[in-house]
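In: this is a predicted model, with the sequence first.
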Amino acid sequence: MAMQTISSRKALVIINYSLLIIMNGCFYLVSGQPERNHVVDAVGLATLCIVFITFFPLHRQTGLWKLTHASMDTLDERELQITHTALRYAYAWFTIICLVIVLAHAILFRLVGNPGFAITVPLAGSLIYLAHTLPGAILAWTEQEVPGKLL
Amino acid sequence: MKTRKLYNRIAVLRRERGMSRKELADIIGVNVQTVGYLEREEYNPSLDLAFRISETFRFPVEFIFSVNPMKPMSESLRERGQNEN
């Protein structure tokens, strides 16, 4: 029930995406290193676990995952409207995030030559995760009420 | 385009008929949360939904929805009666 309040949902969105950034940072630090730092690796894996743990109360228990992935026929006009708005904002944010990653990579390439960094599996996975969860996160951030178990 | 806020009498009419939000939601074909949003005047319904609500309560659309804050129902009915006489 605690997940139904907007402040708790906002806190979960911040925790979820902050940990996703930390996880990518950790895996980026160890990627391309001949002697992998196991501590950083462990932190990366631990943050990945917490990302998945926070995913369930934020997206599954609130019903936001179902709302943003439901067939159009199963939603009423208000749900269609909020989902459409969330998808529009998510598309804009996702484009900006991808652009920032590409620019950061280009700047890094220019500063240090070949940084030994490519699109790693954790980064690709994070972008897919982000594409799927961003509309729900936007609804969790903006909507006073969430569907919960209704859908 | 910025839409105007629509005021309505859905909550009063629903309670008057002893209906739950779920029952009304099932009749008009929306999610129960949408009824809550409509009653709190936080969501403007489409023309189709407004007509479905008006058919459910058997009142004209302009009696249930207004762009101005709604008068008490007794006052509106008295005014309608006076106009008809």
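Out: On my side now, so go ahead.

In: run through the neighbouring helices and strands of whichever strand or helix holds residue A:8.
Out: For residue A:8, the host element (DSSP states H and E) is helix A:6-30. The elements that helix A:6-30 packs onto, with contact taken as 3 or more Cβ pairs under 8 Å, 6 or more residues apart in numbering or on different chains; DSSP states H and E, are helix A:38-55, helix A:121-142. Glycine gets a C-beta too; all of them are placed from N, C-alpha and C.

In: ranking these by burial, who's on top?
Out: With neighbours defined as mean count of other Cβ atoms under 10 Å in any protein chain shown, the helices and strands packed on helix A:6-30 peak in mean count at helix A:121-142, which reaches a mean of 18.

In: check which residues of the helix holding residue A:8 are buried.
Out: A:8-9, A:12-13, A:16-17, A:19-20, A:22-24, A:26-28, A:30 (16 or more other Cβ atoms under 10 Å in any protein chain shown).

In: could you tell me the least trusted of the helices and strands packed on helix A:6-30?
Out: Mean pLDDT is lowest for helix A:38-55 among the helices and strands packed on helix A:6-30, at a mean of 85.

In: quick revisit: what is the nearest of the buried residues of helix A:6-30 to residue A:89?
Out: Residue A:89 lies nearest to residue A:13 out of the buried residues of helix A:6-30, by Cβ to Cβ, at 13.2 Å.

In: who's in contact with the residue positioned nearest the centre of chain A?
Out: A centroid search over chain A (Cα atoms, centre = their mean) returns residue A:130, at 3.6 Å, as the residue closest to the centre. Contact partners of residue A:130, counting by Cβ atoms under 8 Å, 6 or more residues apart in numbering or on different chains, are A:20, A:94, A:97.
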